[in-house]
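1. Turn this into a structure:
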Amino acid sequence: MSSTISTGPSRVTRRQFAGGVAALLACSNKLRGEVPPRVVHFGVFSLFEPYELTLQSTDPLLLRLDGRPYILPPDAGPLCTRRLADCRIAVGLAGEVFSGSHLSAAAISGDPGRFTLAVPPSAKHGGIRRDFRGTLEVRASPRHLEPIVSMDVETAVASIVSAETPPDAPPAFLMAQAVASRSFLRAARTAHTGFDFCDTTHCQYLRSPAAAGSPAGVAAARTLGLCLNYGALNFEGRPIAAMYCRSCSGRTRSLAELGLPVGEYPYYVVDCEFCLRHPETWERDFHQTLTLGSERGRLAYDRIHGWSAIPSNSFTQRQNQVEGRGIGHGLGLCQRGAEAMAHEGANFNEILAHYYPNTAIAPA
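-> Numbering: from 1, shown residues only. Predicted structure coming up:
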């Protein structure tokens, strides 16, 4: 096995890795009676299909490779992992290379760890580097490495709000986005195996954690635990997997309109005044009749031709040109419209009541 995988310029001895494990395990236990935060599991960097990953932290981490514990000191340099041909993982530890089928990393303190995960550039794509707060698992699939970051829901909500909204957005819009994103995390069920959500717009657009005092962090904190409920008396109902889009065509859509099965919440059609007055338009050239049939048809087309090939289902075709309005599926909250409502003085409750009729805001 190649010895080029290493922890970086600063070598770590076996004693440093093995020593202190007993004390580590003792201090990682939470106080008896403390309720752990609800945790969500995100598969990250899936679009990159990484063959190699690097891990680094300013705090000491507890690593486990197939259950074997090691300590990664903060001065160890980046830890490199690679996928092997037999669906195993090669890890550079203490100047040596070990292999296993499963790698995990967590903070020694038992609190959510802060670490940086990166995918080096390759012939297929550029590199990517992102900070996370939580715990990490790395598995090897038949084609690539699968990094999974687990974090508490509120960390995820603040990160999503930060990724989905401009930093100068009005607080009411940020708070409405926080409640919608939290509701999705609480209620949605996906077809992913081994984790709850991916970090793309297929599930939730997740990036680095938002700072506690940032606008996104404040919005998440001010709406702590609040979700959109729908049911018999709403407050006694259950959270809905709240969908939202970048911009609608001047009116939002229902599930039935998009040819999608109607679940617990039907998504009522409502007018969006801002998009009626200031529609986001697009044009595409086509030399054949475009027949999508439903939202699933549009997504299937975009999956082949590119995710911006047909940005929405609101379009008309004239000869060889398609003209459309709106970006996204048009369900639930329209982000451009919600931001405009906030600028005009609406609070987050009013924004959510407009785009999600017959729901109530309540603690999950």
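
2. Which positions within stretch 356-363 qualify as buried?
-> 356, 359-362 (16 or more other Cβ atoms under 10 Å). (Glycine included, C-beta is placed from N, CA and C.)

3. Now do the helix ranked longest in the chain: which elements does it pack against?
-> Identified as the longest helix of the chain according to DSSP state H is helix 171-187. Here helix 171-187 touches helix 153-164, helix 215-222, strand 226-230, strand 238-239, strand 333-334, helix 335-343, helix 348-355, going by 3 or more Cβ pairs under 8 Å, 6 or more residues apart in numbering; DSSP states H and E.

4. Just the endpoints, please. Distance across stretch 139-155?
-> 23 Å (Cα to Cα, to the nearest Å).

5. tell me how far that stretch is from the chain's mean position?
-> 11 Å (Cα atoms, centre = their mean, to the nearest Å).

6. next one: stretch 284-301 to chain centre, how far?
-> For stretch 284-301, the distance to the chain centre is 27 Å (Cα atoms, centre = their mean).

7. Just the buried residues of the longest helix of the chain, please?
-> Buried residues in helix 171-187 (16+ other Cβ under 10 Å): 172-187.

8. which is the next helix or strand following that helix?
-> Of the helices and strands lying after helix 171-187 in sequence (DSSP states H and E), the nearest is strand 197-198.

9. could you point out where the stretch 201-350 of the chain is predicted with low confidence?
-> Applying pLDDT under 70 to the stretch 201-350 of the chain picks out residues 232-236, 287.

10. Tell me which of the helices and strands packed on helix 171-187 sits most buried.
-> Comparing those by mean neighbour count (mean count of other Cβ atoms under 10 Å), strand 333-334 comes out on top with a mean of 28.

11. Include distance to Lys124 when you put the helices and strands packed on helix 171-187 into TSV, please.
-> Listed next are the helices and strands packed on helix 171-187 as TSV, based on distance: least, Cβ to Cβ, whole Å:
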stretch	distance to Lys124
helix 153-164	23
helix 215-222	31
strand 226-230	39
strand 238-239	38
strand 333-334	35
helix 335-343	31
helix 348-355	38
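
12. Quick check: which of those is nearest to Thr200?
-> Closest approach to Thr200 among those (Cβ to Cβ): helix 153-164, 10.5 Å.

13. Show me what that closest one is packed up against.
-> By 3+ Cβ pairs under 8 Å, 6+ apart, helix 153-164 packs against strand 39-43, helix 171-187, helix 215-222.
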